[in-house]
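Peer 1: Give the three-dimensional model of this entry:
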Amino acid sequence: MDNHSKGFPKSQVFGFVLSLVLTFAALFVALKTSLSFNTIIWIIGTLAIVQAGLQLFMFMHLKEGEDGNSQTINVIYGVFIAVVTVAGSIWVMSFGM
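Peer 2: Numbers count the residues shown, from 1 in each chain. Predicted coordinates:
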């Protein structure tokens, strides 16, 4: 039995609660503020990026394991591929090339 399976998972519960707080903050900004549309979108996008980073570290154990650097490089590569795919799709759909 390894050390990760013993005891109460405090860090996962903390990450879950923090994810809920970020989600409800985005909901509050979207529904209860009178900010401009662009400002609301930027705030929600920022909260989404923060929550994605939080989940990478709290739930996917990005820095744990034998070689945390290779996991980080893999995540960066995955984000790069996602950005290229989305940007390329928007470009093709917009300009028909």
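
Peer 1: alpha carbons only for contacts and neighbour counts from here, please
Peer 2: OK.

Peer 1: Pull the distance from the helix or strand encompassing residue 45 to the chain's centre.
Peer 2: Secondary structure from DSSP states H and E places residue 45 in helix 37-58. What separates the centre of helix 37-58 from the centre of its chain is 7 Å, taken as C-alpha atoms, centre = their mean, to the nearest Å.

Peer 1: So which other helices or strands are in contact with it?
Peer 2: Judged by 3 or more C-alpha pairs under 8 Å, 6 or more residues apart in numbering; DSSP states H and E, the packing partners of helix 37-58 are helix 10-32.

Peer 1: List the buried residues of the helix it packs on.
Peer 2: Under the neighbour-count criterion of 16 or more other C-alpha atoms under 10 Å, helix 10-32 has 15-16, 19, 22-23, 26, 29-30 buried.

Peer 1: could I get it in PDB with only the CA atoms?
Peer 2: This file holds the C-alpha atoms of helix 10-32, laid out as PDB (Å, rounded to 0.1, in the frame of the first residue of the first chain):
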ATOM      1  CA  LYS A  10      -7.400  16.800   2.000                       C
ATOM      2  CA  SER A  11      -5.700  18.300  -1.100                       C
ATOM      3  CA  GLN A  12      -8.400  16.800  -3.500                       C
ATOM      4  CA  VAL A  13     -11.200  18.200  -1.300                       C
ATOM      5  CA  PHE A  14      -9.500  21.600  -1.200                       C
ATOM      6  CA  GLY A  15      -9.100  21.500  -5.000                       C
ATOM      7  CA  PHE A  16     -12.800  20.500  -5.400                       C
ATOM      8  CA  VAL A  17     -14.000  23.300  -3.200                       C
ATOM      9  CA  LEU A  18     -11.700  25.900  -4.900                       C
ATOM     10  CA  SER A  19     -13.000  24.700  -8.300                       C
ATOM     11  CA  LEU A  20     -16.600  25.200  -7.100                       C
ATOM     12  CA  VAL A  21     -15.700  28.700  -5.800                       C
ATOM     13  CA  LEU A  22     -14.200  29.600  -9.200                       C
ATOM     14  CA  THR A  23     -17.300  28.200 -11.000                       C
ATOM     15  CA  PHE A  24     -19.700  30.200  -8.800                       C
ATOM     16  CA  ALA A  25     -17.600  33.300  -9.200                       C
ATOM     17  CA  ALA A  26     -17.900  33.000 -13.000                       C
ATOM     18  CA  LEU A  27     -21.600  32.500 -12.600                       C
ATOM     19  CA  PHE A  28     -21.900  35.500 -10.400                       C
ATOM     20  CA  VAL A  29     -20.000  37.700 -12.800                       C
ATOM     21  CA  ALA A  30     -22.100  36.500 -15.700                       C
ATOM     22  CA  LEU A  31     -25.500  36.900 -14.100                       C
ATOM     23  CA  LYS A  32     -25.300  39.500 -11.400                       C
END
